[in-house]
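Engineer: what's the 3D shape of this:
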Amino acid sequence: MKPDYFLYGRRVILVEYDTAMNWSSSLPNANWLCILVSDDCERRYLDEVISKIIGKDVGWVATIGNQCELVHDLIDEEIAFRQVDIEPLYLPKHDIMTTFHHDFADGIWFSIVAAHDDDFEIETVVILDLTRGARNDEIQAALKSISDEEAH
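Structural biologist: A predicted model of the protein is given here:
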């Protein structure tokens with residue numbers, strides 16, 4: 001896990017998805033937004049990630065990367081399935097907001113600076129990288145830009 005950032009009053013952490021590691025232990029259990037970064041991740045891994053972030057009471061999921069619309073739709077489908085299934089499947093007490101962003105840097109900016117929910121306060125933003133580090137330079141550039149903006 002990379003070091004934390006504090007931007008606009010929110011803790012920002014980077015978590016790299018790795019099937020060989022317990023990546024989900026780095027996720028908060030409340031009051032958090034997940035920026036899910038995915039370009040070409042297999043469906044079974046996306047399903048695992050979606051299940052685990054819902055289980056950790058994510059409040060908002062913003063998707064970025066080449067698969068942003070697909071991942072957004074998969075999350076919405078999982079939430080809908082859990083709401084109507086005969087067997088009760090876990091959902092947080094709050095509604096989970098979902099957005100997708102084609103503009104990579106804008107998606108990170110929106111998630112850290114502008115995202116707001118009346119049901120809970122977003123205290124932590126987790127950038128969950130499913131690209132095996134391929135987007136790390138873009139993530140770092142976006143975080144630096146936000147940090148520079150906040151400083152002025």
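Engineer: C-alpha only now, for contacts and for neighbours.
Structural biologist: OK.
Engineer: Just the element for the spatially most central residue of the chain, please.
Structural biologist: With distances taken as Cα atoms, centre = their mean, Cys34 lies nearest the centre of the chain, 1.9 Å away. Assessed by DSSP states H and E, Cys34 sits inside strand 32-37.
Engineer: Name the strands paired with that strand and say parallel or antiparallel.
Structural biologist: Sheet pairing for strand 32-37, assigned by DSSP bridges, gives strand 60-64 (parallel), strand 124-129 (parallel).
Engineer: where's that strand relative to the chain centroid, distance-wise?
Structural biologist: Centre-to-centre, strand 32-37 and its host chain are 1 Å apart (Cα atoms, centre = their mean, to the nearest Å).
Engineer: Asp119 touches His94, doesn't it?
Structural biologist: Yes - with contact defined as Cα atoms under 8 Å, Asp119 reaches His94; the gap is 6.7 Å.
Engineer: The residue of the chain most remote from its centre and Leu143: what is the separation?
Structural biologist: Distance from the C-alpha centroid of the chain, by Cα atoms, centre = their mean, peaks at Ile86 (27.9 Å). Going from Ile86 to Leu143 by Cα to Cα, to the nearest Å gives 43 Å.
Engineer: for the chain, what spans make up the helices?
Structural biologist: Ranges of helices in the chain, per DSSP state H, are 43-55, 68-84, 104-109, 136-151.
Engineer: Send me the first one as PDB with only the CA atoms.
Structural biologist: Presented in PDB, the C-alpha positions along helix 43-55 are these (Å, rounded to 0.1, in the frame of the first residue of the first chain):
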ATOM      1  CA  ARG A  43     -15.200 -10.400 -15.000                       C
ATOM      2  CA  ARG A  44     -14.500 -12.900 -12.100                       C
ATOM      3  CA  TYR A  45     -12.100 -10.400 -10.500                       C
ATOM      4  CA  LEU A  46     -14.500  -7.500 -11.000                       C
ATOM      5  CA  ASP A  47     -17.200  -9.600  -9.300                       C
ATOM      6  CA  GLU A  48     -14.900 -10.300  -6.400                       C
ATOM      7  CA  VAL A  49     -14.000  -6.600  -6.000                       C
ATOM      8  CA  ILE A  50     -17.600  -5.500  -6.200                       C
ATOM      9  CA  SER A  51     -18.700  -8.000  -3.600                       C
ATOM     10  CA  LYS A  52     -15.900  -7.100  -1.200                       C
ATOM     11  CA  ILE A  53     -16.400  -3.300  -1.400                       C
ATOM     12  CA  ILE A  54     -20.200  -3.700  -0.900                       C
ATOM     13  CA  GLY A  55     -19.300  -5.900   2.100                       C
END
